[in-house]
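Asker: Kindly generate the corresponding structure for this input.
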Amino acid sequence: MEDLLSFLIVISAGLFLSEIFRRFHLPYVVAMVVTGILIGPYGFDAISLNGTLDFLGTIGLVFLMFMAGLEIKLSYFGKIKGEVTKISIFNGLVPFAAGFLIGQYFGYGTLGSLLIGIIFISSSIAVVIPSLESHRLLKSRVGKIIISSTVIEDGLSLILLSIILQVINPTTFLPLPLFYVLLVALLIAMKFAIPKIDDFFFSKIKKRDLFEQELRFIFVVLIGTVVLFDILGMHAIIAGFFTGLILSDTIKSQKLKDKLHAISYGLFVPIFFIIIGMNTDVTVFLTAGGALVLTAAIVIGSMSTKFIGGWLGGRLSGLNSQQSFMIGAATIPQLSTTLAVAFIGLEYNLLDHKLITALVILSIVTTFAGPFLMGWICPECKLPPKGKKPSAKIKLLKE
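Answerer: As a prediction, this is how the structure comes out:
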């Protein structure tokens, strides 16, 4: 009964408080995190974390990364591999170096500093795609470059995370190079096998029973992949992300995607963000001046190096100045992967509550700052009011 009451408090707070915060124009994720802070042990202490909430939070984390992977179309890479490679290198290497140095300066050790560097590599595809769409750049060349480089950076950050986790807690008897070759082969096999299995079992019943059977099939694939990857020694968030990536071109039905989105963001994902909030110790700002310095270093370091790395990569790829600035601004947001990696860092005692709080602040600030900078760089790119034609200046970005 106690677990059921905890569950009720979490979903009720998430429902009603998020609506209140929405009226103050706070992004949904920010509202969920703030809700967790308020009801958690560092707020009004209305509820404590328990096994049931931890489990639901883990499921939410898996669905969060799954939906992030599902948003990605592998076909985006197309004929822009050269530009994407250069941008990914600079927009990953520069922030990684900054994150590692910040971790070393604040005494988080080699593994903790590497984890901060990995967090700095990632960007939030969940923020990037809507921002590009609102600026009418989603299907443009620069939009595809931004999405593709973001996917590569997120994938790279998750691979590096898996290597660190193997160093901390080895779960495979295989040499790491062979281990990753096996995983890649497994993912490729899934890419080809899953559509055939789906077609074999459900092709005759899609017209009359599409959304029950296929929905359950997707769940079986997702949870089955997570379990399989866990047996092989890979963390659940990595399995969730790559499962979504594999299925992104397989799931054709928009209604099925809408159902997956409703289940994920209607129940499981909000619980994960609320638990992140419950683990956010805002009292560190009252008891230790160093927390403010750490937070400032994390926020400024991540934003500035992402912007510089994106701009530098764009210029070296032959893009014009405005396009390069747009790449730097668009990749600033840190959200899903950042909070997921932070959650794992806390789980393995590599990061403390002070740093987790700084990373939550980073996610909140960059979620606002990235889209704002995009609008500042190209105000003509924003969707015009109804009845007005778009400015011709947007062609500069779409060339």
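
Asker: any weak-confidence spans in the stretch 1-150 of the chain?
Answerer: Where the stretch 1-150 of the chain drops to pLDDT under 70, the residues are 73-80, 126, 130.

Asker: Tell me which residues touch the most centrally placed residue in the chain, please.
Answerer: Centroid check for the chain by CA atoms, centre = their mean gives residue 336 as the closest residue, at 2.7 Å. For residue 336, the contact set (CB atoms under 8 Å, 6 or more residues apart in numbering) comprises 64-65, 68, 124-126. To be clear about C-beta, it is placed using only N, CA and C from the backbone, and glycine gets the same treatment.

Asker: Which of those fall in helices?
Answerer: 64-65, 68, 125-126 (DSSP state H).

Asker: returning to what we had before: how about TSV for the contacts of residue 336, with distance to residue 192 and neighbour count added?
Answerer: Shown next, in TSV, are the contacts of residue 336 (distance: CB to CB, whole Å; neighbours: other CB atoms under 10 Å):
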residue	distance to residue 192	neighbour count
64	26	28
65	22	29
68	23	24
124	30	25
125	24	25
126	28	20
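
Asker: ok, so of those, who is nearest residue 222?
Answerer: residue 65 (10.1 Å; CB to CB).

Asker: follow-up on the earlier one: any idea which of the ones in helices among the contacts of residue 336 is the one closest to residue 193?
Answerer: So of these, ranked by how close each gets to residue 193 (CB to CB), first place is residue 65, at 21.2 Å.

Asker: okay, now the closest residue to the closest one other than its chain neighbours: neighbour count?
Answerer: Using CB to CB, 6 or more residues apart in numbering and skipping residues adjacent in sequence, the residue nearest residue 65 is residue 240, 3.7 Å away. By other CB atoms under 10 Å, the residues close to residue 240 number 28.

Asker: Show me what the helix or strand hosting residue 15 is packed against.
Answerer: If you go by DSSP states H and E, residue 15 is part of helix 2-22. Under the contact criterion of 3 or more CB pairs under 8 Å, 6 or more residues apart in numbering; DSSP states H and E, helix 2-22 touches helix 28-39, helix 51-70, helix 269-278.

Asker: Just say which of those is most tucked in.
Answerer: For those, average neighbour numbers computed from mean count of other CB atoms under 10 Å are highest in helix 269-278, which has a mean of 27.

Asker: didn't the residue nearest to residue 65 look like it was pressed against residue 60?
Answerer: No: taking contacts as CB atoms under 8 Å, residue 240 lies outside contact range of residue 60: 10.3 Å.

Asker: ok, which stretches of the stretch 251-399 of the chain are helices?
Answerer: 254-263, 269-278, 284-287, 289-316, 321-330, 336-347, 353-377, 395-398 (DSSP state H, counting those that start in this stretch).

Asker: ranking those by burial, who's on top?
Answerer: Greatest burial across the helices of the stretch 251-399 of the chain, using mean count of other CB under 10 Å, falls to helix 269-278, with a mean of 27.

Asker: Name the residues that touch that one?
Answerer: For helix 269-278, using CB under 8 Å, 6+ apart, the contacting residues are 10-11, 13-14, 18, 29, 32-42, 47, 49, 53-54, 56-61, 63-64, 67, 339, 342-343, 360.

Asker: again, 6 Å this time
Answerer: Under the criterion CB atoms under 6 Å, 6 or more residues apart in numbering, residues 10, 14, 29, 32-33, 35-37, 40, 56-57, 60-61, 63-64, 339 lie in contact with helix 269-278.

Asker: wait, which of these is closest to residue 233?
Answerer: For the contacts of helix 269-278, the nearest to residue 233 is residue 61 (17.7 Å; CB to CB).

Asker: Identify the spatial nearest neighbour of the closest one, chain neighbours not counted.
Answerer: That would be residue 272: by CB to CB, 6+ apart, it lies 4.9 Å from residue 61.

Asker: what separates the one you found from residue 132, distance-wise?
Answerer: Residue 272 sits 25 Å away from residue 132, going by CB to CB, to the nearest Å.

Asker: quick one on the thing from earlier: which of the helices and strands packed on helix 2-22 sits closest to residue 236?
Answerer: Using CB to CB, the nearest of those to residue 236 is helix 51-70, at 5.2 Å.
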